[in-house]
Each structure stands twice: as C-alpha cells, then as structure tokens.
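Asker: this is a predicted model, with the sequence first.
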Amino acid sequence: MRKAPFYVFVSVLALFFFAFLIFPLFGILKSSVWDGEHFTFAYLAAVFQNQSIRASFLNSLFIGVAVTILTTFISLPLAYFFTRTTFPLQRLFQGLVLLPMIMPPFVGALGMRYLFARCGSVNMLLGTDIDWLGGGGLFGVVLLEALHLYPIMYLNVTASLASLDESLLESARMTGAKPLTIWRKIILPLFLPGYFAGAILVFIWAFTDLGTPLIFEFRNCLAVNIFDRVTDMHSNAVGYALVLLMLLATCVFFLISKALSKDVRVISTSKGAQGTAGKKLSAPTLVFVYALLAVITVLALLPHISVILVAISDKWFMSVLPESYTTRHFVGAFTHKLAVSGIRNSLFLSSAATACDIILGIMVGYLLARNKGWWREALDALIMLPLAVPGIVLAFSYLSTFSGTRLDPLKDPTALLIICYSVRRLPYIVRSVYAGFQHIGEAMEEAGRSLGAGFARVTRDITLPLLSTHIAAGAILTFAFCMFEVGATILLAAREWDYPISKTIYTLNMRLGDGPCVASAMGVIGMVLLGACLLISGALLGKKMGEIFRGSSN
Amino acid sequence: MSLRLEDVKKSFGAQQILKGLSFEVEKGEFFFLLGSSGCGKSTLLRIISGLTDPDGGRIFFEGEDVTEVPAEKRGVGLVFQNYALWPHMTVYDNVAFGLQVKKLGKDEVKSKVAKVLKDVRLEGLEKRYPAELSGGQQQRVALARALVIEPKLVLLDEPLSNLDANLRLEMRSELRRIHKELGLTMIYVTHDQKEALSLADRVALMHEGKLEQLGSPTELYRRPASKFAAGFLGETNFLKGKALSKKETAWEIETPWGVSEIDFDQAVGLEEGKEITISIRPEDLVLSGNENAPRFLAKVKENNFLGDTTQLVLEAKGGTLLLETLSASDLKVGEEIKVWPKEKDIMVYGE
C-alpha cells in the first residue's frame, strides 16, 4: 500500500464528506427530534398524523413503484434484442432509445401539457374529453418520468445481460439442464444484481423528483410538500421531519436493493467484447422488434417533439397543432436576461462540479480498487449514500446548516450548488473510475513501480491515460445530470441572476404570456447542448474504447 | 547480485501464506521457486520485488537490508505473469519507460532500447502496440522492459504460463541464453516442474508457505527430502514397508521384495520397528537383471505405448506400480513378469 497518497486521499475525502454530507444530514435529524431544549417526537408525530402528508407519501411511493415497473417493461425487451440478436438498423435504434437522456422530464412536461391536457392536441384530434394526465397530473408524472428514466434501466440491464457470457449458458445446456432451470439457476442469479442496481436509481429518482410534479402542478407528493415548507423552515420544524421521512424511506429502499444486488463477481475469461455474437432474427420476429422499437422511440421522443412545438408555436390554443409558428421565443431565450444568465450559470456550475467530481472520483476509485482493509466497505457505503439522498433533502440540509455562514446560499449559492452537484453525482463517476481501475489491473501500475517510477509518475504516465475512457464516461454523465438538476437547484438558487437553466425554465414557465414558450425554447437549447455533449464525447469515447479493447486482448 | 531472506512471514487475514522462509540466492544464479498454486511462491516474489510488504523477517540485497526500501527504489526487474504491458504505449515506449524515469538522455535511451530489443530478438517491432503482437512477442517485450534498466536482480512470475507448448519450449531456451549471456541473477516462479528441472541452477520447492527442499534439480529429483517432494517432482511409486534396524553404515528395511539395506542418505526420518514409505521412480524399475538380485513378481494391468517409452501399469504385492521402459515392450495384459528395483535409487521415508 502507498502510504502518502493513501493518507492524503483519505483526509481530503473525510473532510469533504463530513462537511457536506454527514454534518448537514445530522442537522436534519437533530432539528426533527430536538425542539431546542428537549428531545421530542412531536414533529414526526405531526407528520404521520397529517392526512394530506400521508396521502403525499403514498402518491410519491406510487410514482416510484409505477415508474420502476414501467421502465422495466420498456428496457427488458430492448436490452434482450440489442445484446442477444442482430438485425438491420440496430446501431441507429441503439442510439435513438438513449435520446430521452438528453432532456429531463420536467422540460418534457412543458410540452406534454399541450398534447395531453383536457383541451390539448390529443383530445382535439380524437374529439374526446379524456383526462390523459389523470389524477391531477399523477399519470402524466409517471409517464414522463418513465419515458425519461428507462435509458438508465436499459443501460444497467444491458450491462447485466452482456456479462452473461454465452459460454455460461452453453455450459449449462451441455449439462442437460432444461431452459427453465437455466433461467432459474444461471440467468436470474447473474442478471438480477445488475437489475436491482438500476432499479433503485430509477425508483429514488422518481420517488423524489420535484421538477415534473411542479410543472404538472401535481402538488400532492412528498417532494412538493417539502418544497412548500422551505420558506418557513426556520420557524416550523415539521419541514425537517418531512425531510427526515423522505431520507429514511430512500435509505430503506436503498438498503433493500443493496441486499438484493449483492455483488456477483463475474469472472471474465472470454477475449474481447462479450455478447456481441447475436443470432439473426426471423422475419416475423423482426417485424415485431421493429414495431416495438417504433412505439418506444415515438413515445420516448414525444416529449421532445412537444417541447419543440411549444418553442416554435406562435399561437396554440384548442387546436391539434399550433396555428402559426415563430422563432421569436428562441430570440427571447438568447436575449432574455434571465435566460442568458441561466445558460451561463448552468455551464459554469456543471463544469465546476464535474471537475470537482473527477478529482474526488479518482481518489475514491483508487482507494477502493487499490487498497484493502475493513474501511473499504465503509467508504463504499459512504460514497454511494448520495444515491439515497434526494437533491431536495441535501439542499434543505444545506439551507439549514449554512445559512448565516460564509457559504449562505441566500448571499451566493454558487459554492453550495457546485458542492451539492458534486456530492450527488459522485457515485456515478466513482463507479466508472472504479471499473476502470479494475479493468486496468494493478499489475500495470506495479510494472511502472518496478521500473523505478514513483506514485506521481505512474499516475501521470500509466494510470490516468489508461483510465481516461472511464473518467470521460463518468464525467459526461455527471455533466449531463448537473445541467438539468432540479431539486437542489430550485431550493438553493435564490436570486434571479444566480438561477441555473432548470430554475430559469421553472420561473419563466410560471410567467403569463410567452413564458412557457420561452421556457420551452430554453429546454430545446439545453437539449441540443446536451445532445452535442453526448455525441462529441461518444465519438471520442468510441475511438478510445476500441483502443482499450485492442489493448486488453491478453 | 546475491539475495538473502531471513524468516520472511506473510498473512492475508487469518490465512498464513508464508510461514517463515529463509534462504540465499547466489550472484548469477538461475534460481527457481517451485510449488503448486497457493503455496505462496508468487507472494514471496512480490515481497522480494517490494510490491508487497512482509509481516516479519528481513530481505538483504548484497548483504544490505532492503526490507523497508520501496519497490521503485530496489532496482529489480519484474516480469509479470500476464506481462502487464501498457496497451496505450508502443513497444518502444513500454521498454523505454524505465530509462526515461531514470532521466537518461534521449540518445542513450534509444541505444539501450535498441540493444535490449536485439537481445530478445524483437528488432523492427518498436512501433507496434502490444495488441498487435503475438503472445510470444508480448512475452519478449515484458522481458525487455525488465532487462533494459540493467537490474541487479530479475524476477519472473510464471512468465511462460500463457504460451502454448511449442512457444514455451522455444522461450525456455531463449531465457537460458539470455541468462547466460547477460550473467544475471534471476528468480523464476513456476508450478511447472519441467521448467524448473530443465532451467534451474537451484530450486526451492515450496509447500504450504514453507520451504520443503532446496537444491539442484538432480538433488531434488534423485534425493527428495520428503514424501511430498518425491511425489511433486516427476512420477513415483509409493510402497509400504518397515524399518527393521539401524546398522553402522546403513538401514535394514523390509520391502515387498524382501529385506534390503539402504544408505543413510536414502532414508529420511526412519525409526526402528516403524512403518515406512518407499519411493521408487518408474524408470528405476527394470524388466531384466541378475537372478540373485532382489526382485519381485507383478502382473501387467496396462501396457501403454508412449512413443519414446513404454509405460506399464503393474499389480504387485505392495499395490499398483508404474514402470517406464525404453524398450518397446510386447508384454500382454495379464502376463506375470519379474521386476528388478534399482535399490540405490529408491528413497525411504518414516511415517
């Protein structure tokens, strides 16, 4: 073990996590059960006795579960057909199904209202009066989130399926096992851990999402309830108890999924890429696959299309499509003071948070992959904790912990927004970097040391170049997520000129007149920006990916 | 460079991997650490390289204690089992790395890399990436990278285990040539006894974290110090017997072919009146001899033609025996034959 970097990394990380995760969350806990003088359950009791809060909790739970189930049904066939079969236009569709990632659901919600509202396009077209968004927007929230989140599920499920090497199934078949037995004994045990790892991300996201319900004006859920209580947080402790309730719920679900997704160490002995040798599809199956892909792609792109339509609509009321079109909302988005500063702020905050995460992520990845000890599991749990801590919970805790200090978000939220984004997105980059370290293997670094290179030299010339693909992959994901972070952003950014894109969109949307249209135009700009980011880095990564695969042929 | 280990210990968790090892390796020696997987030989190699810290004991290079010296300061060349070639660097960059770390001038680096690539016969492949090389070529790059820094000691961790049989034979003679030409001290870890017996000056046979025997390949093969050593190196037959009495110059023992006398250096841990195990190699059983010499009867169970030799599986009083003979044997299965043991080549172990 290298002692100097070890202690430096541990100290930096310990300080960071204590100051910006443990301490603020502990503050929430304390404020929920401490009235200043005594220990009390009064606030928690108030939460449980309040019927509307109970209903909110159940609604949030429903959203979480429903979205998880929906995304599962969308992802499973996609993952299966993409990893296990080959058919024409496969690459195109593989790209298309990931498109929802470039637009967060609350932006999609801006446009979907125009399509599915009581007097929206769909009812106009069909001549019906159906409440498509159902339950005061509840179904709309579920649909939007499912359509946005299924790529996360799909990516996890695909990775899981790809690790199911064909030879594992073949060797099972050679023993004479029946297909059902193979499913039960081989496929499911190897597949489920990866599935649960993805499912919990989707669940927590949906369970705690603030942006989409706000745009649909579905106020009867936990996240919106917490949002409503921020203003009187210093005088009413029920807000704290509510935050604690949400945190406990996510932690419990997180722990359950952790137990269900216990690491299965897949020993990869096959050379090069796995699971690529797919079987060709028969004509009827091919038709089915195309139909399925078409439905999913159209549904997934509906929010994008609708937002674009709103952004270019001049007049759109009680008609299937806008009556006339204009580009003036885009002009607005580029000239409106709020919009310009929103884009600038988001670019700056996301870049800073990503840079911060790259540094922290490499440290954590190194500690987890290259050191042994009892503390490894503790560190891993700590790093993954932010996955269970919703954005609004963290933001709420920052507001209560840092108000009145030099970091007071009311004075300048920049630092806390960067930190908040970094803390929340760190798990993604850590996972990616850690996988990179595993992929490289320690011998690569040891070979450098045995030739006389010190830690810094080995890191610069060997570790970082070999890790670059994984760092880039994690960084892109982090950046994309930060650009459209909603929960923490809406709570922390208090002054208009500090608003990042998401809060700008939310604010513009509430303005009468052109507000929603300019907001949609901003959504489109963000969409293009994110899409471009992903494309560029995808191209970059693709080349590197090939290099890495060539390099690891032994 | 000479190497000395004193009571080196290492545990991973509750499992003790190395249970106190001490031995010396002489300058210019081709030294082998041999043992089955899990015996601790790779851990020992890593401890010598400095990549793993021992829990106890000392390591000396040329009499100097290097136990606390980190890997990068030990000046030891290490060849990894999977080569650990950096995939993002060309052959040239891989080999030049160690010299660049030492801040050598560009021309010096160039000439040294050229020389070492010539030594391992890889001229002309400087610009290739590792993935564009065959297994044998990758192996040579790994070797060149370790050799180029002119290490005082070269450590090789199962360097040939990823190669196919023909290439392994070829690389074996390459290693012998390089060792001889450069006069290096080399420590080689392997579980392949043929590699050890054919290349080594001396072999340390390890078993469960302890040194089972240390000696030349001939010593290990002809005079294995324990039943384990006898069974691990080459094939052998184990027969039951009894230690009768210790005479002035020899032991008198009871064998399946009668009472015999054996030299003291053929006996390990015998006690009068106790059971013994007799180890006799298949090639030390012969099918012809003096009618007065000790011999026994056996029945042919199998007759396996192996090309250069013939292997007979025999059923005798002491159990099933393997016999290897150079003469193509036309013996039939079920036939009863006479077998002469070469008593001077047997080993006897107390229980």
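Answerer: Structure's in. What do you need?

Asker: pLDDT below threshold where in chain A?
Answerer: Residues of chain A meeting the criterion pLDDT under 70: A:1-2, A:135-136, A:163, A:261-278, A:317-318, A:512, A:536-554.

Asker: actually chain B, not the one I wrote
Answerer: Scanning chain B for pLDDT under 70 picks out the ranges B:328.

Asker: by proximity to chain A, which residue of it wins?
Answerer: Nearest residue of chain B to chain A, counting by C-beta to the nearest C-beta: B:P87, 2.1 Å away. Quick note: C-beta positions are derived from backbone N, CA and C, even for glycine.

Asker: show me what stretch A:55-69 is in contact with.
Answerer: Stretch A:55-69 is contacted from outside by A:138, A:141-142, A:145-146, A:149, A:199, A:202-209, A:220-225, A:245-246, A:249, A:253, using C-beta atoms under 8 Å, 6 or more residues apart in numbering or on different chains.

Asker: among these, which are in strands?
Answerer: Using DSSP state E, no member of the contacts of stretch A:55-69 sits in strands.

Asker: where does the residue of chain B closest to chain A land in three-state SS?
Answerer: Put simply, B:P87 is coil when judged by DSSP: H, G, I helix; E, B strand; the rest coil.

Asker: any idea how far it is from A:S432?
Answerer: To A:S432, B:P87 is 18 Å away according to C-beta to C-beta, to the nearest Å.

Asker: and for B:L244?
Answerer: Counting by C-beta to C-beta, the gap from B:L244 to A:S432 is 72 Å.

Asker: and A:I187, by the same measure?
Answerer: From A:I187 across to A:S432, the span is 26 Å (C-beta to C-beta).

Asker: A:R457 now?
Answerer: Taking C-beta to C-beta as the criterion, A:R457 is separated from A:S432 by 24 Å.

Asker: more neighbours, the two?
Answerer: When A:R457 and A:S432 are compared for neighbours, A:S432 comes out ahead with 22 against 18, by other C-beta atoms under 10 Å in any protein chain shown.

Asker: does anything pack onto the helix or strand encompassing that one? Which helices or strands?
Answerer: Taking DSSP states H and E as the definition, A:S432 sits inside helix A:414-440. Helix A:414-440 sits against helix A:337-370, helix A:375-388, helix A:391-402, helix A:464-483, helix A:487-492, with contacts defined as 3 or more C-beta pairs under 8 Å, 6 or more residues apart in numbering or on different chains; DSSP states H and E.

Asker: packing partners of the helix or strand following that helix?
Answerer: Counting by DSSP H and E, the next helix or strand C-terminal to helix A:414-440 is helix A:442-450. For helix A:442-450, the elements it packs on are helix A:337-370, helix A:455-458, strand B:76-79, judged by 3+ C-beta pairs under 8 Å, 6+ apart.

Asker: just the helices in the stretch 1-150 of chain B please.
Answerer: With helices called from DSSP state H, counting those that start in this stretch, the stretch 1-150 of chain B shows them at B:41-49, B:91-101, B:106-119, B:135-147.

Asker: just the CA atoms of the shortest one, as CSV, please.
Answerer: So that's helix B:41-49. Extracted in CSV, the C-alpha atoms of helix B:41-49 (Å, rounded to 0.1, in the frame of the first residue of the first chain):
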residue,chain,number,x,y,z
LYS,B,41,5.6,-18.5,-4.2
SER,B,42,4.1,-15.5,-6.0
THR,B,43,3.6,-13.7,-2.7
LEU,B,44,7.3,-14.4,-1.9
LEU,B,45,8.3,-13.0,-5.3
ARG,B,46,6.2,-9.8,-4.7
ILE,B,47,7.9,-9.4,-1.3
ILE,B,48,11.3,-9.7,-2.9
SER,B,49,10.3,-7.1,-5.5
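
Asker: next one: it to chain centre, how far?
Answerer: Centre-to-centre, helix B:41-49 and its host chain are 15 Å apart (C-alpha atoms, centre = their mean, to the nearest Å).

Asker: angle of it against helix A:442-450?
Answerer: 30 degrees (axes from the mean of the first three to the mean of the last three C-alpha atoms, to 10 degrees).

Asker: ok, and for helix B:41-49, which residues are buried?
Answerer: Residues of helix B:41-49 classed as buried by neighbour count (16 or more other C-beta atoms under 10 Å in any protein chain shown): B:K41, B:S42, B:T43, B:L44, B:L45, B:R46, B:I47, B:I48, B:S49.

Asker: can you tell me what sits against that helix?
Answerer: Applying C-beta under 8 Å, 6+ apart, the contact partners of helix B:41-49 are A:450, B:3, B:5, B:8, B:10, B:17-18, B:21, B:33-35, B:52-54, B:59, B:71, B:74, B:76, B:78, B:81, B:153, B:155, B:157-158, B:187, B:189, B:191, B:206.

Asker: go through those residues and flag which are in strands.
Answerer: B:3, B:5, B:8, B:10, B:17-18, B:21, B:33-34, B:59, B:76, B:78, B:153, B:155, B:157, B:187, B:189, B:206.

Asker: how about the residues of the stretch 51-200 of chain B by chain A?
Answerer: B:51, B:53, B:70-78, B:80, B:82-88, B:97-98, B:101-102, B:129-132, B:135, B:138, B:145-146, B:149, B:162 (C-beta under 8 Å from any C-beta of the partner chain).

Asker: so how do I select the buried members of these in ChimeraX?
Answerer: In ChimeraX, a selection of the buried entries from these looks like this (16+ other C-beta under 10 Å):
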select /B:51,71,72,74,75,76,77,78,80,83,84,85,86,87,88,97,98,101,129,130,131,135,138,145,146,149,162
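
Asker: run the chain-centre distance for the longest helix anywhere in chain B.
Answerer: The residue-count maximum for a helix in chain B (DSSP state H) belongs to helix B:165-182. Helix B:165-182 sits 15 Å away from the centroid of its parent chain (C-alpha atoms, centre = their mean).

Asker: same deal with stretch A:22-36?
Answerer: Averaging C-alpha positions (C-alpha atoms, centre = their mean) puts stretch A:22-36 27 Å from its chain's average.

Asker: for that stretch, buried residues please.
Answerer: Going by neighbour count (16+ other C-beta under 10 Å), the buried part of stretch A:22-36 is A:P24, A:L25, A:G27, A:I28, A:S31, A:S32, A:V33.

Asker: contact partners for the second one?
Answerer: Residues in contact with A:L25, defined by C-beta under 8 Å, 6+ apart, are A:L247, A:V389, A:V393, A:L394, A:S397.

Asker: one more: A:R54?
Answerer: Per C-beta under 8 Å, 6+ apart, neighbours of A:R54: A:F48.

Asker: ok, then the element right after whichever helix or strand B:A298 is part of?
Answerer: For B:A298, the host element (DSSP H and E) is strand B:296-305. From strand B:296-305 onward toward the C-terminus, using DSSP H and E, the following helix or strand is strand B:310-316.

Asker: related to what we said a few turns ago, of the helices and strands packed on helix A:442-450, which stretch is the most buried?
Answerer: Ranked by average neighbour count under the criterion mean count of other C-beta atoms under 10 Å in any protein chain shown, the helices and strands packed on helix A:442-450 are headed by strand B:76-79 at a mean of 28.
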